[in-house]
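# attaching a predicted model along with its sequence, questions to come.
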Amino acid sequence: MKQHLSESLASRTFIGLLLAQFTATFNDQAIHMVAVFYSADMLVRFVQLKAIDDKAIVAIVTACFIAPFLMFSSYAGPLGDRFSKRSVIVFWKVAEVGMMGLALLGLSLPHFIAPDSPSMPTFAVWSSVLVIATVFLMGMHSTFFVPAKLGAMPEILHPAVLSMGNGVLEGTSFTAQILGTSAGGILYSLLNGDIDKAGKLHPGREWMIGVLLLALALLGTITAFLMRPIPAAAPDRKISWNWWKPLQENLGILWRSKPLTLSVTGIAFCVFMTLFLRQTLLYQGELTKELRTAREAESRLSGEPPNGTASSLDRFMARVLPAWLEEAAQESELRVALLFAVVGLGVGGGSILAGYLSGHRIELGLVPVGALLIVVFTLVPGLLKHAPGWFVVSLFGIGCGAGFYLVPLYTLLQHRAPKESKGNVVSASNFLNVVGGIISVAVFYAMTFLLEYWMGPSVTKTHSKTEVFNAAKLLHDYVQELERLRQIPHFLFVLTAVMTFGAMMYLTNTKRLPDFYLRTAIWLRAKGHNPLRTLGIEHMPTNGPVLLLANADILPAALDLVAAVDRFPHMMFVEPPEFKRTWLLWCARHMGWISIPPFATAPEWNRALQTGTEALRKGGMVALTVNQPACAAEIARLIDAWRSAEPNAVVLPVDCTSGTTATGRSSTLASPYPRVIIGASLAPSTSLDGVLAAIDRLPAMPDDG
């Protein structure tokens, strides 16, 4: 039975999916934040386990979240295609209820015994273990839930609204991240216990956080049942329990397709960058907390009032927050949570805006815009050390850039993945994201280790914390050491900017999509919202040689063709008579176009022939203007030569006009917006007149969007 695709975002299934993923993302982020702060208090400050410090806690919790992606991604895809994606989503929402129950048990454990009990350190350790275990389980939840969620999108929404749907999905997902990270930090700062001067733990009301998350898990499970049944994409698929074989097959699908390779590598880097910045903010927060504690201890030993306990950022946030949060704003947990919220707010707003600006197609021109925003706004906090207002604005800008960057790539991944293997492709993408996440943890740990070593020896390496906090000289040295270490996050922000710039250069490499910047220029030319619609993109292979024969005899039509396809076309643009060259054509020629004048000489046609032949033999795509009567003989010669040089090339007719062209041809159906229509492949023997006739028939294709 064919699945009905909704042409509206108001469908019950889409709304049910939004609500289910919203509660899952909220719980995911909230328990992650609580686990970092709770474990740091229990294991580092109360139990004082050897070889465990704040940096190690951040790395352990992050690794526990991403490890399930590495362990289970190869199974998530086949299961998502073998069974109904709705069933997968509902199953994991029910499992989420049990996971939040485990978190509640972990947060409640210290309340089961008296504060002065000698067993309290043991209970504190096991309590932290249960909370961190919940993070691991929620990582496993996401491993299976995310491929089902993203794979279901093209099975729920019509391609005409898929970009907007993805924008809303990513926007609400990051809104949930905002609220989850904020709630995790705020609730923990308001409900956490205390460790007195004698080292005794006095539990707070952390268990109330577990109750809230459990209630949200129950609510999300109910909303998941709003989704209508979705048929399984590949019900006959066999599930292999061999970890490597299905993953190898899924990765093979990605590497054989240039659009899919582009999308998954771009997304994996964004995951790397996001986790790197997340660890940087957590590290910065824990340093601030430790510095405040050390300054207060130094003040008690000296008998003088504390000097500069709060940082400029703490004071800034205290000024801008409501009065009821002003006191809590001095707590490191709340400060970090609010900074995460600012980033998430930027990603949510950027994602929704990117979905709108993409219109009815995949707007790859937004990717360089997003990358450039990330580069600029990660440099600002790296270079400006005492400008808290600019720091907050920069975090919002980083998030907004990530939204612009991610939405087109996710939409490309969903739309161009084979229908019967969408779950497999998304799970393989998740595996690559995990690899990026693992590299992020390793790079962060290595960089902080090297920077700490470079900034001088640590007092705590030769003395215990108890000795340090009871000796005025050692404590003074420790405060100076922490002051130096506060410079490390600035280095890490600059490093992020450098890595993002390198990733942008990688994506625009000639082997991927060298006309990225041209697509951005086309998007800017359309004043940020190109009304262009693309029909018949499913006729275009994602890999292998392709020859596009188009009626793109005016520059706007040729630019529309480039903007409509998701592969790099070696464009052979035959200029119309009295053509005036513009800056856009100059830009296009520097990115691989060959612009042929109306009365071109033989060397110019031979250059086009040679370039096109080489591109086709390498499995590339070539686009040619075919509706210039004055050059009909040369155009026919090019087509015949390319077919002979690469007989396996797929030849597709393309109509990319919505009105009158330079040669007077006009579409048989008027359209209120420009359209690029890609037809089915032509027979190898089709003449130029046959090609033109096939193009003239394309405007009759109905626009379902």
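Right, received. Where do you want to start?

# quick check: closest non-adjacent residue to the residue nearest the centre of the chain.
Ranked by distance to the mean C-alpha position of the chain (CA atoms, centre = their mean), the top residue is Leu406 at 4.4 Å. Leaving aside its sequence neighbours, Leu406 sits nearest to Cys270 (CB to CB, 6 or more residues apart in numbering; 5.7 Å). Quick note: C-beta positions are derived from backbone N, CA and C, even for glycine.

# which helices and strands does the host helix or strand of the one you found pack with?
Using DSSP states H and E, Cys270 sits in helix 258-302. With contacts defined as 3 or more CB pairs under 8 Å, 6 or more residues apart in numbering; DSSP states H and E, helix 258-302 has these neighbours: helix 54-82, helix 244-256, helix 332-358, helix 366-383, helix 388-416, helix 422-454, helix 472-485, helix 488-507.

# I figured the residue nearest to the centre of the chain was touching Ser351, is that so?
Yes. Using CB atoms under 8 Å, Leu406 is in contact with Ser351, at 6.8 Å.

# okay, and the common contacts of these two?
Residues touching both Leu406 and Ser351 (CB atoms under 8 Å, 6 or more residues apart in numbering): Glu170.

# next one: the helix holding Cys270 to chain centre, how far?
17 Å (CA atoms, centre = their mean, to the nearest Å).

# thinking again about what came up before, contacting residues for the residue nearest to Leu406?
Contacts of Cys270 (CB under 8 Å, 6+ apart): Ala402, Tyr405, Leu406, Leu409.

# and for Arg567?
Residues in contact with Arg567 (CB under 8 Å, 6+ apart) are Lys258, Pro259, Leu513, Met540, Thr542, Val546, Met621.

# of all those, which comes closest to Ser39?
Pro259 (41.5 Å; CB to CB).

# which residues does stretch 373-383 contact?
273, 277, 390-391, 393-395, 397-398, 400-402, 404-405, 489-494, 496-497, 500-501, 504.

# let me see the mean pLDDT of it.
The predicted model assigns stretch 373-383 a mean pLDDT of 91.

# then stretch 301-313?
63.

# repeat for stretch 605-613
The model assigns stretch 605-613 a mean pLDDT of 92.

# so which bits of it are buried?
Neighbour counts over stretch 605-613 (16 or more other CB atoms under 10 Å) mark Trp605, Ala608, Leu609, Gly612, Thr613 as buried.

# cool, and stretch 341-359?
Buried residues in stretch 341-359 (16+ other CB under 10 Å): 341-359.

# same check on stretch 593-606?
Applying 16+ other CB under 10 Å to stretch 593-606 flags Trp593, Ile594, Ser595, Ile596, Ala600, Trp605 as buried.

# one more: stretch 633-640?
Glu634, Ile635, Leu638, Ile639.

# now swap in stretch 59-78 and tell me
Within stretch 59-78, judged by 16+ other CB under 10 Å, the buried ones are 59-78.

# may I have that stretch as CSV, with CA atoms only?
Only the C-alpha atoms of stretch 59-78 are listed here, as CSV (Å, rounded to 0.1, in the frame of the first residue of the first chain):
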residue,chain,number,x,y,z
ALA,A,59,35.0,13.3,29.1
ILE,A,60,33.4,10.2,30.8
VAL,A,61,29.9,11.4,30.6
THR,A,62,30.3,12.6,27.0
ALA,A,63,31.9,9.2,26.0
CYS,A,64,29.1,7.3,27.7
PHE,A,65,26.5,9.2,25.6
ILE,A,66,28.3,8.6,22.2
ALA,A,67,29.6,5.0,22.8
PRO,A,68,26.1,3.4,22.0
PHE,A,69,26.2,5.0,18.6
LEU,A,70,29.4,3.2,17.9
MET,A,71,28.2,-0.1,19.3
PHE,A,72,24.7,-0.2,17.9
SER,A,73,24.5,2.0,14.8
SER,A,74,24.9,-1.0,12.4
TYR,A,75,21.8,-2.6,13.9
ALA,A,76,19.7,0.6,14.1
GLY,A,77,19.4,1.1,10.3
PRO,A,78,18.2,-2.4,9.3
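
# rounded mean pLDDT for it, please.
Stretch 59-78 comes out at a mean pLDDT of 80.

# kindly report the same for stretch 545-561.
89.

# what's the end-to-end length of it?
Stretch 545-561 has its terminal residues 17 Å apart, counting by CA to CA, to the nearest Å.
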